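Enquirer: my questions concern the predicted model and sequence given below.
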Amino acid sequence: MTRVRIEELGDAVEAAYEIARTCQAYDQPDVPFSTLDDFRAFLTTGWPGYGHERYLGFLDGAPVGRMNLAIAQDDNLDTVMIEMSVLPEARRHGVGRALFDLAAERTRALGRRHLIGGSVQRHPDGGAFATAMGAKPGLEELRSRLDVRTADDALLGRLHADALAHSGGYRLVRWTGVPPDEIIDDVAYLDGRLNADAPVGDLSIEPEKVDAERVRQSELARIARGRMSYNTGALRGDRLVAWTAIAVEPAAPRQAWQNITLVDPDHRGHRLGLLVKIENLRYVRAEQPGLEVIDTFNAAANEHMLRINRAMGFREVETVVQWQRTLA
Ligand SMILES: CC(C)(COP(=O)(O)OP(=O)(O)OC[C@H]1O[C@@H](n2cnc3c(N)ncnc32)[C@H](O)[C@@H]1OP(=O)(O)O)[C@@H](O)C(=O)NCCC(=O)NCCS
């Protein structure tokens with residue numbers, strides 16, 4: 001009898017949650033894992049613009065592995081994003097391979113060619129599975145962390161004053177959740193630029209087609225998951241030309257994610273990236289006094305963003321490799 005079996009996730013949300021939580025504690029122990037409610041809410045809402053398929057892997061009848069396939073609907077029509085994990089004690093018994101084989105089968109059935117997924121390089125064998133699956137490293141990313149408790153406020157104050165001095169003629173704006181109507185189209189424009197402006201290495205990834213409705217739905221999905229986004233932007237006249245966002249899960253208030261920061265190409269060179277980031281940091285610290293650390297991902301090749309982050313006090317903690325398997 002074969003020991004490995006794969007099933008669609010169906011109602012077995014708690015089993016998937018336990019696997020995801022245990023694997024995160026093993027592979028990224030310093031990042032708090034979401035609550036069961038948050039995990040469940042994500043399964044119901046997903047991300048706007050994506051279809052999702054979810055599977056469980058069994059070894060000798062027990063659920064030990066999980067996989068999420070995210071299938072972009074409006075852009076990136078050749079690609080499937082894969083996220084999977086197998087309980088540490090159940091690894092090397094073929095569950096990962098069976099999940100991956102199914103992912104490849106589904107990718108072909110959907111008429112797509114590329115499978116993209118990341119692995120944390122914490123343990124020395126971090127990339128062994130992806131390599132065995134025939135994937136190639138496409139992009140190296142760094143996770144950096146700012147310890148808010150020990151942030152150098154005098155330094156941040158100097159950087160802020162300097163950035164203000166270089167950015168005359170721009171006005172700052174703050175918001176949480178869905179952007180105000182006057183700027184939501186500009187947020188969509190900046191968001192859609194991300195895959196064009198930030199390095200994507202050798203990954204077959206194209207810019208996302210983002211419009212105001214997708215921005216609105218993404219923020220509503222975040223709120224449905226019990227999360228909150230804090231945003232700061234810079235306006236030139238009425239136009240939003242720079243934007244940064246930090247996402248917080250109030251159920252796990254000690255940690256937050258620094259997400260997108262983007263300055264429109266016509267407005268670079270005025271320290272707007274640094275300015276909106278420091279302003280947004282002040283915003284989130286004032287609103288979330290229990291916050292201790294902020295994590296962020298950047299392409300290792302993204303020198304401009306990394307320089308700003310290092311100046312603010314972010315320190316690199318680990319490498320994540322994004323792998324791509326292109327099917328024949
Ligand atoms: C990656 C992961 C899902 C693999 O699950 P798994 O059930 O152990 O995978 P398999 O047993 O099917 O391994 C298939 C092949 O990959 C290679 N492999 C997997 N883990 C390996 C390791 N630690 N060292 C060397 N080779 C390894 C081997 O060639 C293995 O075949 P073999 O055991 O016959 O030699 C699991 O290690 C995991 O959850 N890691 C953390 C999350 C992650 O990195 N996900 C992957 C990217 S989305």
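Expert: Everything's here; your move.
Enquirer: C-alpha from now on. contacts and neighbour counts both.
Expert: Fine.
Enquirer: end to end, how far does stretch 33-49 reach?
Expert: 24 Å (C-alpha to C-alpha, to the nearest Å).
Enquirer: what comes into contact with that stretch?
Expert: 13-14, 17, 21, 24-25, 52, 72-74, 214, 217-218, 221, 224-226, 251-252 (C-alpha atoms under 8 Å, 6 or more residues apart in numbering).
Enquirer: go again with 7 Å.
Expert: With C-alpha atoms under 7 Å, 6 or more residues apart in numbering as the test, stretch 33-49 has contacts from 13, 17, 21, 24, 72-74, 214, 217-218, 221, 224-226.
Enquirer: now, those residues that are in helices?
Expert: 13, 17, 21, 24, 214, 217-218, 221, 224 (DSSP state H).
Enquirer: out of the residues you listed, which end up buried?
Expert: 17, 21, 24, 217-218, 221 (16 or more other C-alpha atoms under 10 Å).
Enquirer: output the set of residues of the protein in proximity to the ligand.
Expert: 82-86, 91-97, 117-120, 125, 128-129, 132 (C-alpha under 6 Å from any ligand atom).
Enquirer: quick one: buried ones out of those?
Expert: 82-86, 94-97, 117-120.
Enquirer: determine which two of the residues you listed are furthest apart.
Expert: Every pair in these was compared (C-alpha to C-alpha); the two farthest apart turn out to be Gly94 and Val120, at 19.8 Å.
Enquirer: what is the mean pLDDT for stretch 99-111?
Expert: Average pLDDT, stretch 99-111: 98.
Enquirer: stretch 136-155 too?
Expert: pLDDT averaged over stretch 136-155 gives 97.
Enquirer: report pLDDT for Met228.
Expert: 94.
Enquirer: give me the number of residues near the nearest residue to Cys23 once chain neighbours are set aside?
Expert: Spatially, and ignoring its direct neighbours in sequence, Cys23 is nearest to Leu87 (5.9 Å; C-alpha to C-alpha, 6 or more residues apart in numbering). By other C-alpha atoms under 10 Å, the residues close to Leu87 number 19.
Enquirer: can you list contacts of stretch 98-112?
Expert: 6, 57, 67, 77-80, 113.
Enquirer: where does the stretch 201-328 of the chain get nearest to the ligand, residue-wise?
Expert: Among the residues of the stretch 201-328 of the chain, Trp323 lies closest to the ligand, at 7.7 Å counting by C-alpha to the nearest ligand atom.
Enquirer: name the element that residue belongs to?
Expert: strand 315-326 (DSSP states H and E).
Enquirer: over to Val210?
Expert: Val210 belongs to no helix or strand, assigned by DSSP H and E.
Enquirer: please apply the same query to Gly273.
Expert: Counting by DSSP H and E, Gly273 is part of helix 272-287.
Enquirer: would you put the C-alpha positions of that helix in PDB?
Expert: In PDB, the C-alpha atoms belonging to helix 272-287 read as follows (Å, rounded to 0.1, in the frame of the first residue of the first chain):
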ATOM      1  CA  LEU A 272      10.500  60.800  -0.700                       C
ATOM      2  CA  GLY A 273      11.100  57.100  -0.100                       C
ATOM      3  CA  LEU A 274      12.900  57.800   3.200                       C
ATOM      4  CA  LEU A 275      10.400  60.500   4.100                       C
ATOM      5  CA  VAL A 276       7.300  58.400   3.700                       C
ATOM      6  CA  LYS A 277       8.900  55.400   5.400                       C
ATOM      7  CA  ILE A 278       9.900  57.400   8.500                       C
ATOM      8  CA  GLU A 279       6.600  59.100   8.700                       C
ATOM      9  CA  ASN A 280       4.700  55.800   8.400                       C
ATOM     10  CA  LEU A 281       6.900  54.300  11.100                       C
ATOM     11  CA  ARG A 282       5.900  57.200  13.400                       C
ATOM     12  CA  TYR A 283       2.300  56.700  12.500                       C
ATOM     13  CA  VAL A 284       2.300  53.000  13.300                       C
ATOM     14  CA  ARG A 285       4.200  53.400  16.500                       C
ATOM     15  CA  ALA A 286       1.700  56.000  17.700                       C
ATOM     16  CA  GLU A 287      -1.200  53.800  16.800                       C
END
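Enquirer: and the next helix or strand past it?
Expert: strand 293-299.
Enquirer: packing partners of that next one?
Expert: With contacts defined as 3 or more C-alpha pairs under 7 Å, 6 or more residues apart in numbering; DSSP states H and E, strand 293-299 has these neighbours: strand 136-147, strand 255-263.
Enquirer: turn the ones you listed into TSV, columns for mean neighbour count.
Expert: Below are the helices and strands packed on strand 293-299 laid out as TSV (neighbours: other C-alpha atoms under 10 Å):
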stretch	mean neighbour count
strand 136-147	20
strand 255-263	21
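Enquirer: need the ones you listed in a markdown table (columns: distance to Val200).
Expert: Formatted as a markdown table, the helices and strands packed on strand 293-299 follow (distance: least, C-alpha to C-alpha, whole Å):
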| stretch | distance to Val200 |
| --- | --- |
| strand 136-147 | 6 |
| strand 255-263 | 14 |
